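Student: The sequence and its predicted three-dimensional model are supplied below.
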Amino acid sequence: SVEFNAQSSEFISINEKGGLGFFKDLKKLSVMRAYYSLGDWIKKKAESSHDSSIDEFIGEIDTKFGSLNLDLSGMNQNEFVNIYDGLAEKLELIGNNPKEEIGYLGPFPRVNEIYGSLLKPGNITVIAARSGVGKTNIGSYYLNWVAYQYGVPILHLDQGEMLCEELQFRNASMLTGGKATVDAIEKGYWRLNEELTESMRKSFGKYDKIKYYYKNTGKLTPDQIISTIRRFYYSVIGRGNPFIIHYDYLKTPNSVEGDRTPTYEKMGRFMQKLKTLITEEIVVPCWTSVQQNRKGITSYKDGEEVN
């Protein structure tokens, strides 16, 4: 039994059930106090952030809020879990209720047969290839197809490489099956050809079914990018609803002034924050790409010359 009375110096005896109830109430009080303190911190931050930009201010608030959510969400979880506890029952339940798909299958049947879904919630799919071979195109094609088939929204985070209009023209060309080229769409030549006009206008009917959101995050720090994803989820998608992140593409993230952290460490920290976000707070898939050997082949080059 536990003997404790917060009202006086006297001790009283309580049973196990009463003790557990007491500590449950104490945990709830701790959570409420943490959010109350956060409110005070936000108020003081608002009073002292006159020189901060909107993105900087919101990013700091979101980072603090997200960090607290992650800390508190783990309070009800066991620190150590035996992965075989209840596993047989779980597998029997899955076997009795088989699923046709887990995650979102893509437009390539052979890839689906070999790997299953490349877009499972909480997973990051990385396409590695040299510069200029179509990493953004394959990502856009794959995700547009998935968005159209499943009705799931896409958040395209561009690292300052492509304007929104450029992405619009590429996607418009893609939805014609490539019949109308990006150049023909950009210059309006498609209207001079009956076949292209028919193809373009036929593709217009797909636009309402696809939700493909664009945001240029090229000048944002890792914390601001995480904050952007979080704000998109809560303000546009809504808690509990699915979407897919298209992060185009992985490169050295921007840093706050004076940060001398090595490039590889910056990238590692960002990926850790992104993975934590999509596995513990906003459980969604992420598709991204990385440039492989950006300076060309390795022949006759020292290690320092290969990027």
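Tutor: Perfect, I can see it now.
Student: State the three-state secondary structure for the spatially most central residue of the chain.
Tutor: Per Cα atoms, centre = their mean, the C-alpha nearest to the average position across the chain is that of residue 245, at 4.8 Å. At residue 245, secondary structure determined by DSSP: H, G, I helix; E, B strand; the rest coil is strand.
Student: In space, what's closest to it - neighbours in sequence excluded?
Tutor: residue 286 (4.2 Å; Cβ to Cβ, 6 or more residues apart in numbering). Every residue, glycine included, has its C-beta placed from N, CA and C.
Student: contacting residues for that neighbour?
Tutor: By Cβ atoms under 8 Å, 6 or more residues apart in numbering, the contact set of residue 286 is 123, 124, 125, 244, 245, 246, 247, 274, 278.
Student: so can I have CSV of these showing distance to residue 266 and pLDDT?
Tutor: Formatted as CSV, the contacts of residue 286 follow (distance: Cβ to Cβ, whole Å; pLDDT from 0 to 100):
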residue, distance to residue 266, pLDDT
123, 22, 96
124, 17, 97
125, 22, 96
244, 25, 98
245, 19, 98
246, 21, 97
247, 15, 96
274, 13, 95
278, 19, 96
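Student: Any of those residues buried? List them.
Tutor: Buried by 16 or more other Cβ atoms under 10 Å: 123, 124, 125, 244, 245, 246, 247, 274, 278, out of those.
Student: confidence score at residue 258?
Tutor: The model reports residue 258 with a pLDDT of 70.
Student: That one sits in which helix or strand?
Tutor: Assigned by DSSP states H and E, residue 258 falls within no helix or strand.
Student: In terms of secondary structure, what does the helix or strand containing residue 44 contact?
Tutor: For residue 44, the element it lies in under DSSP H and E is helix 16-48. Counting by 3 or more Cβ pairs under 8 Å, 6 or more residues apart in numbering; DSSP states H and E, the packing neighbours recorded for helix 16-48 are helix 54-73.
Student: what's the helix it packs on in contact with?
Tutor: 31, 34-35, 38, 41-42, 45-46, 49, 52, 220-221, 223-224, 226-228, 230-231, 276-277, 280-281.
Student: could you give the angle of it to helix 16-48?
Tutor: In terms of direction (axes from the mean of the first three to the mean of the last three Cα atoms, to 10 degrees), helix 54-73 departs from helix 16-48 by 170 degrees.
Student: How far does helix 54-73 sit from its chain's centre?
Tutor: Taking the mean of its C-alpha atoms, helix 54-73 sits 15 Å from the chain's own mean (Cα atoms, centre = their mean, to the nearest Å).
Student: in it, what's buried?
Tutor: Of all the residues in helix 54-73, those buried under the rule 16+ other Cβ under 10 Å are 55, 56, 58, 59, 60, 61, 62, 63, 65, 66, 68.
Student: Which parts of the stretch 101-250 of the chain are helices?
Tutor: Under the criterion DSSP state H, counting those that start in this stretch, the stretch 101-250 of the chain contains helices at 109-115, 135-150, 164-174, 182-187, 194-204, 222-232.
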